[in-house]
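Colleague: below is the structure, and that's it, no one-letter string:
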């Protein structure tokens, strides 16, 4: 057999080239080869950051901990030092539940006719209501309206998030331990979302125990259908490989370990009837002891040759806790989790320096603090390393950050509604007594349902990351796929979708539209411009935008191009006059001379590559 | 003297050994079909069909000589005996939904390779799919895909000077899913992704005069701008092609059907992209692979029908447009599934599985032995791979994409044994030897008119190594072992009823 030919070895000259160097490598070598990708990092210390905690540092911290940076988050940190900022950011948020915001799509009568079950009134929560146990049951629990209501509720909470890391952590956990939670219907999806939300500030180990018994997880990774004669290995493999100790060869669990865990867990299932047809959201989990393997389970040296004694009857349930304990007794579990946290919040590429000086000590913090993700983040986000000049703006924004960033920055929900009466568009601001706007409720619900439930959800999908539909149990490739990582978000298809998302601000979002009426929502230009230090001067406006929201400088030639696009034939002086007049007196006429120009340019700025990194 | 006559024969060949492959090349080039050096003209297309999740080979191609063993081993998923379509060859049957495959097989347009896998199989989806796509050993971590490397090898200036006059069309197109490692090269992504090529298009803006720094940030920004530039350029090219033609035979609506529909329109519309990939997901049938009451129905049956119908319709459309000669399709999956089924009416991750190649001119010979169910088969017993999956890749590269240029070694890292991909229905009397360089086995493609010959294998010192008489079977290929040969150049001297032939090769 001929000797293996080595592929050409590239001398790493930049990040991209180095990514693709091909050698026959073991894991250490891969990590070493990637060293060049962070050649400019100077500081690998986890010691508390003692440098200047100024605008740039605050922007960086918020970029990584908020889902979409915007002005109000920056304002919240304005007078805070690092520790106070971390206190604020590491504060949990409140949880509530989705409500009926779909009644304009489907009235109560229509709901009852379609689903053979009584609906809840407009604005009321529905998740605890039982589904009717009849022929329409399947239809109802997978009904599109409530699906959209739940999605829109999550998106709205993210949009409205306090200056807290909570929802960002939710996204982290959803990517790390994903399910297609709507596969079992609305209630199961809600239970999964609630579990994740409540786990963010708790013990990750405890979370792993609980998520094993989450109905959508029991379904997604087949544990619910496992049979003791030949136990299904899917969950047993992934709980190790993806959720706790990591992949081989780093973690040295064996195929037999996979089989033994499968044997220890078989018997757990969920009660489908209870889940769907009963009231409330209590536990739907069952342990079928007759389907449990009661033999002893012997594990490999990776798990210290431990044996879990087989137990029969209800005692068999204890084996799950023993498995979880065993997994978290490994050194690898702490290291694996801290790596995932680092890759998500700081930078995707790990080098030997990062492993030894950052990941290893963080793993100890993780263990010392009952497996708390937040304890690790407090150290990491307050460290010298985190504020090293090489780290900020080095990651391409995931779709959800990109979309939310634009919506939040432009404060879209307080935007400018215009009403289409079949003939002419009339602005709410200029005709507040128009009959269409007296029905304020229509406006509110279509905003929440259409924008947050549909447009945003489908835009995320086309950009490659739709919440609650992960491509597989590994989560989204951008968060783990070597060597491209976050560059995965950008390909010839998704770059077009990002452009389209920015279009919302050019043409506005149609909250609803029929032949003879419709409501179009646009950001409020007056409010937005007023928040700038010198809005009448376009170049100054652009400079402020750039500083606050972009990852690098916009080149002079692009500044001029945008300015030409904006002004057309107008002189600088004329533009200044128009803006000033509008800011003083926001009449329809004053708006009309600047609106379309500004819209064009604003969406071009959101297209610039410097807006896509954080 | 022997040596003199040997030299005399050499002089006919008229080339120094160092230039070895070129003689073979020029002789064969005329007969190898178009493998054009630019995409201004039509040429051979390769369609990769990714089956995501691990296809259950044993329920796809069923060894009919082991029905009782199969029923004993996998009762929860086994198909009823009478439902299996008899392939009519090698005691093999097809899943009941694969009626189209049967037609294609009868038309000699389907080639089946059994037991494809690799040494020390990995049972993780992600790792195994990475292995298949990167063409690595089980213990190698290669971060690029074989198609990516192939395309970069063909296009050393990719991506910066593309598109250009000679290559106006995307080098490859992915239709299902996001950028996969398969198309990742050493420098960049090599594929263009599209889900709605006919839709409204407006260029994406990028800073043409950006002067980004040489750090982490700059690298990301340069990458984004590069993708924008290409996206803009290719979008309009692809859109024009898309709008040219409508497939006569419609694809039944599904995500997979949509992918095939777009691909068909692009090919019929004259786009000269050479490589496409479509993806069908859902093969990870740990449970409910079949319906309880009827094993011919269920998740796997649904997928078999999708695959069957779309491939069949694809060829119908290509036939009608007169383009099917130029297209070769190949399935691949990260692994097969367990022999023994599990109690949830499913199967778990396995090892080897069959692979399918579709094309007008494929050699219809079924490659590989029927899988054998071990006696007293247990849960942990898995099928043994007979062929390394890279043999398929090597064959496709060296016999379809770049015939006789022997590019596969540099792309795959070493040579792999190949099989004859295409029927050797040559117009002239051409002898073909492959692969070259040779590994363990020399395969000789024999002209139609020859039924027997005598061969002698000499090194360049004139020493005889192997010799023998060959009787040629109807497949018109003959294999000679090369195990005893040391590294170096050799000549295969052939004497046949119509004269002589000398074929040169290099042993690795």
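Modeller: Perfect, thanks for sending it. Just so you know, these numbers come straight off a predicted model, no measurement behind them.

Colleague: I'd like to know how many residues surround residue A:302.
Modeller: 18 (other C-beta atoms under 10 Å in any protein chain shown). (Glycine included, C-beta is placed from N, CA and C.)

Colleague: is it part of a helix or strand, or is it coil?
Modeller: The three-state label given to residue A:302 by DSSP: H, G, I helix; E, B strand; the rest coil is helix.

Colleague: return the distance of it relative to chain B.
Modeller: The gap separating residue A:302 from chain B is 16 Å, by C-beta to the nearest C-beta, to the nearest Å.

Colleague: list the contacts for residue A:138?
Modeller: By C-beta atoms under 8 Å, 6 or more residues apart in numbering or on different chains, the contact list for residue A:138 is empty.

Colleague: oops, could you answer that again for residue A:229 instead?
Modeller: Counted by C-beta under 8 Å, 6+ apart, residue A:229 has contacts B:342, B:343.

Colleague: next: residue B:249.
Modeller: Contacts of residue B:249 by C-beta under 8 Å, 6+ apart are B:313, B:316, B:317, B:320.

Colleague: now do it against chain A, distance only.
Modeller: Distance from residue B:249 to chain A, by C-beta to the nearest C-beta: 27 Å.

Colleague: now residue A:92. Nearest residue, chain neighbours left out?
Modeller: Nearest residue to residue A:92 in three dimensions, chain neighbours excluded: residue A:201, at 4.7 Å (C-beta to C-beta, 6 or more residues apart in numbering or on different chains).

Colleague: that neighbour against residue A:166, yeah?
Modeller: Yes - Residue A:201 is within contact range of residue A:166, at 7.4 Å (criterion: C-beta atoms under 8 Å).

Colleague: comparing those two, which residue is more hemmed in?
Modeller: The neighbour count for residue A:201 versus residue A:166, taken as other C-beta under 10 Å, is higher for residue A:166 (23 against 17).

Colleague: ok, back up a step: okay, and the common contacts of residue A:201 and residue A:166?
Modeller: With C-beta under 8 Å, 6+ apart, residue A:201 and residue A:166 have common neighbours residue A:92.

Colleague: got any ranges where chain B has weak pLDDT?
Modeller: By pLDDT under 70, the weakly predicted segments of chain B are B:1-41, B:160, B:177-179, B:187, B:425-429, B:474-475.

Colleague: which residue ranges of the stretch 501-614 of chain A form helices?
Modeller: A:525-530, A:538-549, A:556-567, A:572-584, A:588-607 (DSSP state H, counting those that start in this stretch).

Colleague: could you export the ones you listed as JSON lines, including mean neighbour count?
Modeller: Putting those into JSON lines (neighbours: other C-beta atoms under 10 Å in any protein chain shown) gives the following:
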{"stretch": "helix A:525-530", "mean neighbour count": "17"}
{"stretch": "helix A:538-549", "mean neighbour count": "17"}
{"stretch": "helix A:556-567", "mean neighbour count": "16"}
{"stretch": "helix A:572-584", "mean neighbour count": "16"}
{"stretch": "helix A:588-607", "mean neighbour count": "18"}
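
Colleague: could those be laid out in a markdown table, adding mean pLDDT and distance to residue B:219?
Modeller: Listed next are the helices of the stretch 501-614 of chain A as a markdown table, based on pLDDT from 0 to 100; distance: least, C-beta to C-beta, whole Å:
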| stretch | mean pLDDT | distance to residue B:219 |
| --- | --- | --- |
| helix A:525-530 | 91 | 32 |
| helix A:538-549 | 95 | 20 |
| helix A:556-567 | 91 | 19 |
| helix A:572-584 | 92 | 36 |
| helix A:588-607 | 86 | 20 |
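
Colleague: to residue B:297, which of these lies closest?
Modeller: Closest to residue B:297 of these, according to C-beta to C-beta: helix A:588-607, at 48.6 Å.

Colleague: what lies in contact with the closest one?
Modeller: Everything outside helix A:588-607 that qualifies as a contact, by C-beta under 8 Å, 6+ apart, is A:406, A:427, A:429-430, A:498-499, A:502-503, A:505-507, A:522, A:525-526, A:542, A:545, A:562, A:565-568, A:575, A:578-579, A:581-582, A:611, B:204-206.

Colleague: please, a ChimeraX command that selects the buried ones among the contacts of residue B:249?
Modeller: Per 16 or more other C-beta atoms under 10 Å in any protein chain shown, the buried members of those correspond to this ChimeraX selection:
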select /B:313,316,317
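
Colleague: find the closest residue to chain A in the stretch 301-450 of chain B.
Modeller: The minimum distance from the stretch 301-450 of chain B to chain A, using C-beta to the nearest C-beta, falls at residue B:343 (2.8 Å).

Colleague: from what I can see residue B:279 touches residue B:259, true?
Modeller: Yes - using C-beta under 8 Å, residue B:279 is in contact with residue B:259, at 7.2 Å.

Colleague: if I look at the two, which residues touch both of them?
Modeller: Joint contacts of residue B:279 and residue B:259 (C-beta under 8 Å, 6+ apart) are B:175, B:176.

Colleague: can you show me the helices along the stretch 251-400 of chain B?
Modeller: Using DSSP H, counting those that start in this stretch, helices in the stretch 251-400 of chain B cover B:255-268, B:299-320, B:389-396.

Colleague: next structured bit after the last one?
Modeller: Note on helix B:389-396: by DSSP states H and E, the next helix or strand toward the C-terminus is helix B:408-412.

Colleague: next secondary structure after that following helix?
Modeller: strand B:432-434.

Colleague: the helix or strand following that next one packs against which elements?
Modeller: The helix or strand immediately downstream of strand B:432-434 is strand B:441-445, counting by DSSP H and E. Secondary-structure packing of strand B:441-445 (3 or more C-beta pairs under 8 Å, 6 or more residues apart in numbering or on different chains; DSSP states H and E): strand B:432-434, strand B:477-481, strand B:488-496.

Colleague: 6 Å instead?
Modeller: If you count contacts as 3 or more C-beta pairs under 6 Å, 6 or more residues apart in numbering or on different chains; DSSP states H and E, strand B:441-445 packs onto strand B:432-434, strand B:477-481.

Colleague: where's stretch B:132-140 relative to the chain centroid, distance-wise?
Modeller: 16 Å (C-alpha atoms, centre = their mean, to the nearest Å).
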